[in-house]
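**Student:** Turn this into a model:
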Amino acid sequence: MPSTRLGRLVVGTALIIGGIVGFLPVLGFWMIPLGLFILSQDFPAVRAFRRRWTVKLGRRLTRLRASSPRLDKALSKAFPKPDQKA
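**Tutor:** Numbering: from 1, shown residues only. Purely as a prediction, here's the structure:
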């Protein structure tokens with residue numbers, strides 16, 4: 001990720017524009033969330049959106065782990081619990 005605000009603005013905007021024309025070869029719709037993630041470093045509205053989704057996904061992951069010991073074992077390799085050491 002670029003270290004300057006201008007660099008993040010350029011890269012984030014380019015990814016979003018490239019994602020809008022995602023039906024073309026090489027470009028894809030995956031570029032839109034990546035561009036928003038990069039822009040979220042500098043824009044409070046996008047940062048709040050990213051934070052809400054991070055919290056929501058974290059809660060869902062916690063519920064999934066609690067509901068299935070087998071799934072908890074599989075997920076603990078990729079996403080260690082905060083109290084576990086990696």
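
**Student:** mind listing what's buried in the helix or strand of the chain with the lowest mean pLDDT?
**Tutor:** Sorting the helices and strands of the chain by mean pLDDT, DSSP states H and E puts helix 69-78 at the bottom, at a mean of 78. Judged by neighbour count (16 or more other CB atoms under 10 Å), helix 69-78 contains no buried residues. C-beta here means a position set from N, CA and C on the backbone, and glycine is covered the same way.

**Student:** so what does that helix touch, helix or strand wise?
**Tutor:** Under the contact definition 3 or more CB pairs under 8 Å, 6 or more residues apart in numbering; DSSP states H and E, helix 69-78 sits against helix 44-67.

**Student:** roughly how far out does the helix it packs on sit from the chain middle?
**Tutor:** 10 Å (CA atoms, centre = their mean, to the nearest Å).

**Student:** List the contacts of it.
**Tutor:** Residues outside helix 44-67 that contact it (CB atoms under 8 Å, 6 or more residues apart in numbering): 36, 37, 39, 40, 41, 71, 72, 75, 76, 79, 81.

**Student:** mind pulling up the phi and psi values for the first one?
**Tutor:** Same thing as residue 36. Per-residue torsions, residue 36: phi -70, psi -40 (degrees, to the nearest 10).

**Student:** what's near enough to touch it?
**Tutor:** Residues near residue 36 by CB under 8 Å, 6+ apart: 12, 16, 46, 49, 50.
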